[in-house]
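Colleague: Following is a predicted model, sequence given first.
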Amino acid sequence: MAKFRRKRWLRFLGIIVVITFAARYVLWAAEATTTIPFPPTPGTFSLAIESGGFDRVANIHIPTGYKVDTKPPLVLVLHGAGGSGSYVLEKDGWAAKADQAGFVVVAPDGLPAFPRLKPAAGANPALWNSGQLNPRSPRAAVDDVAYFSELLDRLNEAVPYDKQRVFVVGHSNGGMMAFRLASELSERFTAVGAVAGLLTLENPQPKKLLPTLCMLGSKDPLMPIDGGEVKLPWGTRQYKPVSESLRRWAKTIGCEEEPTIISDEDQVRKVEYPSRSNGPTLTVLYLEGHGHHWPGFKSSLPDQYVGPYSTAVNATDAMWDFFRKHSQAGLPQNPEPMSDGVDRPSLSWTTPAINTERVQYQTFDSTAAQSKVSYHVYTPEVYEKDKDRNFPVLYWLHGTGGGLAGIKPLSEFFDDAIRAEKIPAMLVVFPNGLASSMWCDSKDRTVPMETVLIKELIPHVDKTFRTVANRDGRLLEGFSMGGYGAARLGFIHSDMFSTVSILAGGPMDLEFQGPRTKSNPGERERILRDTFGDDLDDFKAQSPLTIAEKNAAAVSGKSTIRVVVGDRDFTAALNRAYSEHLKKLKVDHEFVVVPGVAHETMRLLKGLGEANWDFYCGAFGKK
């Protein structure tokens, strides 16, 4: 039996050699050289650097139309064990996609398992030190994380790229390496993707929390969904169910540890681990009947070793679409990190500028804050064309952690609707509400957030832009902490806002003991201390529930109010209770529960469908 097994593996290694190495490892026969021209021009080139005592080679594809003065995004693509960078550029469609979408794609070559020797199929495959190697193996001694840090530095010199739009994705062992980079070099990336590769590190501690997309095949013999023993040419490995690794990564980036099913159709089941704090999410695509191939492209290896092949998803297109959605510049390192008992750093009164179409970055001098204060404002195309027209304004209040991450998708959302004439043309102002101001003045008045917004920002906007400068021309809307702020300010200052939209507001209880605070008590402690002076009575006095009691007569029948929450949102029960509270106070309002949505801004807005456009039209008089 032992001889039979040995012969079988020898035959397997022979197949690997014939099929794979003939196509993929020509460059190993040549000296490591750099071929990128200066200045860089479109085409495929190589970049060789010395790192850790080894010559490392990366394959670079510069897209058609590349210009040095217009820095494009950069995608780092990592091959699987036994693969090569040149193969993924050509055979997995990354070079073609880069030309189509205008990003630089970099596909480095891994070092062999015995790095001083040439690669030799199953006996010495090129791979990455992703964290799953035997720590005593020679390959585990090579610091690939340091290499990638050096590579990104050299690339910026050779092919200038946008450092705020750098993405990493990998297949199999390359996917595992992508997770390691997202754990140990996270500050250099914007989002991460992996196909048939999972987190192998036991205690990841990223400095920056990255949006993540993972794809897994239900028939993958090398990474079985339910776990089990996997036999590889270089040894046998026992895998745990993929759910364990996914749950660990979800927790690491501040997400719920149980996923929500987003869709299940056309052989693709999409689930998402929603953020507990309006931060990044983990999205997983389970591909029915798919093996260990790069989805949409068939491996050169026989199906008997890597499983069946599905065309339900083109992974290259899907990954780029995911990365593109996270391509905004100037984001904070952690849009909304979980504090877990550790203080979350406060954001400044001035933020980085978000560079996206039709959005301006503005500042004004605040007497209350004794500082310059920044904000962003979206203006529709017609604003420049019709100089004699004044426009209504939607004030958008962000959630905890700072709102920069939401400016691009929200401005695009409203711009698309205005262009399609679904809603009236309006300005959208994105105030800077700091990390966790709760949109109210702190008890000690050191953070006068409400004063800055109501007494200074709104008059400044009316003076700076052509606005409808009265309550009929203003709509106040917010999500999460912003929903809490809209519920407070919309009732207190009903003379300034005709319409109030409260989206998944929180905290909506008087004791500050909701589901989020139970999972993150450090956050409760910090907010109570910094905003409410460790005074629960002050928290109760500032609560939207208390504010509604004091101002019910002022808003009922005079203001248009809606409360919206997803049925899978952890704030759902408290928002429903808040709606019941308003009913008892005889405050006219609309309460909407959106099915299948967790604590997610854009999915909540989109889930409202046409009713959402009707709401904005009603606010600003368009039928």
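Modeller: On my side now, so go ahead.

Colleague: Next, the buried residues of stretch 443-463.
Modeller: 443, 447-454, 456-458, 460-462 (16 or more other CB atoms under 10 Å). The C-beta positions use only the backbone N, C-alpha and C, and glycine is treated the same way.

Colleague: Might you report the residue contacts of the residue at minimal distance from the centre of the chain?
Modeller: For the chain, residue 211 is the residue whose C-alpha lies nearest the centre (CA atoms, centre = their mean; 3.3 Å). Under the criterion of CB atoms under 8 Å, 6 or more residues apart in numbering, the neighbours of residue 211 are 190, 191, 192, 280, 281, 283, 322, 326.

Colleague: and the spatially closest residue to it that is not a sequence neighbour, how many neighbours?
Modeller: Counting by CB to CB, 6 or more residues apart in numbering, residue 280 is the residue found nearest to residue 211 once chain neighbours are left out, at 4.0 Å. Under the neighbour criterion other CB atoms under 10 Å, residue 280 is assigned a count of 24.

Colleague: Then residue 222?
Modeller: Around residue 222 there are 20 other residues, counting by other CB under 10 Å.

Colleague: Pretty sure it sits against residue 292.
Modeller: Yes: with contact taken as CB atoms under 8 Å, residue 222 and residue 292 are classed as touching, separated by 4.7 Å.

Colleague: which neighbours do the two share?
Modeller: Any residue near both residue 222 and residue 292 by CB under 8 Å, 6+ apart counts here, and that gives 172, 196, 306, 307.

Colleague: mind listing which of these are in helices?
Modeller: Secondary structure assignment by DSSP state H places residue 306 of the shared contacts of residue 222 and residue 292 in helices.

Colleague: out of the shared contacts of residue 222 and residue 292, which is most surrounded?
Modeller: Neighbour count (other CB under 10 Å) singles out residue 196 as the most crowded of the shared contacts of residue 222 and residue 292, with 30 neighbours.

Colleague: Would you confirm that that residue contacts residue 175?
Modeller: Yes: with contact taken as CB under 8 Å, residue 196 and residue 175 are classed as touching, separated by 6.1 Å.

Colleague: so who does residue 71 touch?
Modeller: Residues in contact with residue 71, defined by CB under 8 Å, 6+ apart, are 160, 161, 162.

Colleague: Make CSV from those residues and add distance to residue 593, pLDDT and secondary structure to it.
Modeller: As requested, the contacts of residue 71 are exported to CSV (distance: CB to CB, whole Å; pLDDT from 0 to 100; DSSP: H, G, I helix; E, B strand; the rest coil):
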residue, distance to residue 593, pLDDT, secondary structure
160, 48, 89, coil
161, 44, 91, coil
162, 40, 90, coil
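
Colleague: Out of these, grab the one that's most surrounded.
Modeller: Top of the contacts of residue 71 by neighbour number is residue 161, holding 21 neighbours under the definition other CB under 10 Å.

Colleague: In the sheet, which residues pair with the nearest residue to it once chain neighbours are set aside? Tell me.
Modeller: Spatial nearest neighbour of residue 161, chain neighbours left out: residue 74 (4.1 Å); criterion: CB to CB, 6+ apart. According to DSSP bridges, residue 104, residue 166 are recorded as the beta-bridge partners of residue 74.

Colleague: ok so, going back, adding distance to residue 382, write the contacts of residue 71 out as CSV.
Modeller: Compiled in CSV, the contacts of residue 71 are given as follows (distance: CB to CB, whole Å):
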residue, distance to residue 382
160, 36
161, 35
162, 30
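
Colleague: any idea which of these is closest to residue 416?
Modeller: In terms of CB to CB, no member of these lies closer to residue 416 than residue 162, at 23.8 Å.

Colleague: My guess is the closest one contacts residue 73. True?
Modeller: Yes: between residue 162 and residue 73 there is a contact under CB under 8 Å: 5.6 Å.

Colleague: Give me the common contacts of residue 196 and residue 175.
Modeller: Overlap of the contact sets of residue 196 and residue 175 (by CB under 8 Å, 6+ apart) consists of residue 80.

Colleague: hmm, back to that, can you name the two of the contacts of residue 211 that sit furthest apart?
Modeller: Set against one another by CB to CB, these have their most distant pair in 190 and 283, with a gap of 15.0 Å.

Colleague: Look at these two and report which has more neighbours.
Modeller: When residue 190 and residue 283 are compared on other CB under 10 Å, the one with more neighbours turns out to be residue 190, at 23 against 18.

Colleague: Follow the chain on from the helix-or-strand element of the chain with minimal mean pLDDT and name the next helix or strand.
Modeller: Considering only helices and strands, the least confidently modelled element of the chain by mean pLDDT, DSSP states H and E is helix 22-24, at a mean of 35. If you walk from helix 22-24 toward the C-terminus, the next helix or strand you reach (DSSP states H and E) is strand 43-51.

Colleague: so how far is that following strand off the chain centroid?
Modeller: The gap between where strand 43-51 is centred and where its chain is centred comes out at 29 Å by CA atoms, centre = their mean, to the nearest Å.

Colleague: got the CA positions of it in PDB?
Modeller: C-alpha atoms of strand 43-51 as PDB (Å, rounded to 0.1, in the frame of the first residue of the first chain):
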ATOM      1  CA  GLY A  43       2.900  47.600 -21.000                       C
ATOM      2  CA  THR A  44       4.100  44.600 -18.900                       C
ATOM      3  CA  PHE A  45       7.500  44.800 -17.200                       C
ATOM      4  CA  SER A  46       9.400  43.400 -14.300                       C
ATOM      5  CA  LEU A  47      10.800  44.900 -11.100                       C
ATOM      6  CA  ALA A  48      13.600  43.200  -9.300                       C
ATOM      7  CA  ILE A  49      14.600  44.100  -5.800                       C
ATOM      8  CA  GLU A  50      16.800  42.500  -3.100                       C
ATOM      9  CA  SER A  51      15.000  41.700   0.100                       C
END
